[in-house]
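**Q** What shape does this take:
(one chain, ligands or ions: 1)
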Amino acid sequence: MTENKNILEVHHLKKSFTTGKKSFTAVEDISFSLKTGEVLGIVGESGSGKSTVAKMITHLTEPTAGEIFLMEKDITHARGKNLREIYREMQMIFQTPAESFDPRCTLGDGIGESLRNMGISKKETRNRVEKLLLTCGLTPEYADRYPHQVSGGECQRAAIARALAVEPRVLICDEATSALDVTVQKQIMELLQKLKKENQLSFLFICHDLALVQLFCDRVIVMHDGHVEEEGTPEEIIEHPKTEYTEQLIRSVL
Ligand SMILES: Nc1ncnc2c1ncn2[C@@H]1O[C@H](COP(=O)(O)OP(=O)(O)OP(=O)(O)O)[C@@H](O)[C@H]1O
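**A** Numbers count the residues shown, from 1 in each chain. As a prediction, this is how the structure comes out:
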């Protein structure tokens, strides 16, 4: 695949939620593309619809309208076997890493789950789990620990190892470092940067921290009330915001 090809595209995504008799549109009309090897940031104030976009792309919530293309294939309504194939190409890292693991299973079981499901032997799965742990800065003995026996930062490293197990092309990070303290946040960002370089991964990076966005992202989308307010490089967005909303957003966090 060439560098500049779009690996992920969303066209006119919309999501309305109905609670009781009321309907609320969280995402009005979002279109963007993610290129191979690119880090695309999504910023915006709380409630602007960032997580809802991530959940639609990863099929955790169904879009009300619009289309999602992964490697030029329309995956909007993928189900069953097709969905499992999509999860081999695209993985998600959440804000609270413990959510990625079953509290009754070891981290090793969680990291190796998709490998076992792919028919890989127990022994080979264990080997790969240990390698993934090392890649993510944890020793192999972490495979035998339960989620409650590790720190938040260690659990997030294990969650990254779990996401990497299937060798995905796209990682969707939804506030993946927000719950961690600054030092651990820095370590996780360094890990993500290393993985990006070594594995040609593409990232959708949802984050409210503009300093991290500036450091890590090639391009940024600013979301406001369910639509794209503006799009540009981190420098363009931070140094020369085009709209008053973006200007205020930057002023409020810098
Ligand atoms: N399942 C749901 N049912 C009803 N409303 C929802 C649901 N999920 C999200 N919303 C609403 O949709 C809007 C967008 O939520 P979303 O989580 O996408 O925002 P966000 O930009 O990710 O916010 P934050 O930065 O605080 O995580 C919010 O007003 C939220 O209350």
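**Q** What sits closest to whatever residue of the stretch 151-254 of the chain ends up closest to the ligand if chain neighbours are left out?
**A** As assessed by CB to the nearest ligand atom, the ligand sits closest to H208 within the stretch 151-254 of the chain, at 5.8 Å. In short, each C-beta sits where N, CA and C put it, glycine included. Nearest non-adjacent residue to H208, counting by CB to CB, 6 or more residues apart in numbering: V43, 6.5 Å away.
**Q** sorry, back to before: the residue of the stretch 151-254 of the chain closest to the ligand: how many residues sit nearby?
**A** 17 (other CB atoms under 10 Å).
**Q** before we move on, the earlier item: can you list contacts of the strand or helix carrying the residue nearest to H208?
**A** V43 belongs to strand 39-44 when assigned by DSSP states H and E. Identification of contacts with strand 39-44 by CB atoms under 8 Å, 6 or more residues apart in numbering yields 32, 34, 50, 53-54, 196, 202-208, 210, 213, 216-224, 229, 234, 237, 249.
**Q** Around the ligand, which positions in this structure sit nearby?
**A** 17, 19, 24, 26, 44, 46-52, 208 (CB under 6 Å from any ligand atom).
**Q** Which members of these occur in helices, if any?
**A** Counting by DSSP state H, the residues of the chain next to the ligand place K50, S51, T52 in helices.
**Q** So which of the residues of the chain next to the ligand wins on neighbours?
**A** K50 (25 neighbours).
**Q** From E167, how far out is that one?
**A** 26 Å (CB to CB, to the nearest Å).
**Q** now do M90
**A** 11 Å.
**Q** More neighbours: these two, which one.
**A** A direct count of neighbours by other CB under 10 Å for M90 and E167 places M90 higher, at 25 against 10.
**Q** wait, the more buried one sits on C173?
**A** No. With contact defined as CB atoms under 8 Å, M90 does not reach C173; the gap is 11.8 Å.
**Q** quick one, what contacts S252?
**A** E45.
**Q** Okay, angle between the helix or strand hosting it and strand 39-44 too, please.
**A** In the assignment (DSSP H and E), S252 maps to helix 244-253. Angle between the axes of helix 244-253 and strand 39-44 is 90 degrees (criterion: axes from the mean of the first three to the mean of the last three CA atoms, to 10 degrees).
**Q** If we go by neighbour counts, what in helix 244-253 is buried?
**A** By 16 or more other CB atoms under 10 Å, the buried positions in helix 244-253 come out as Y245, T246, L249, I250.
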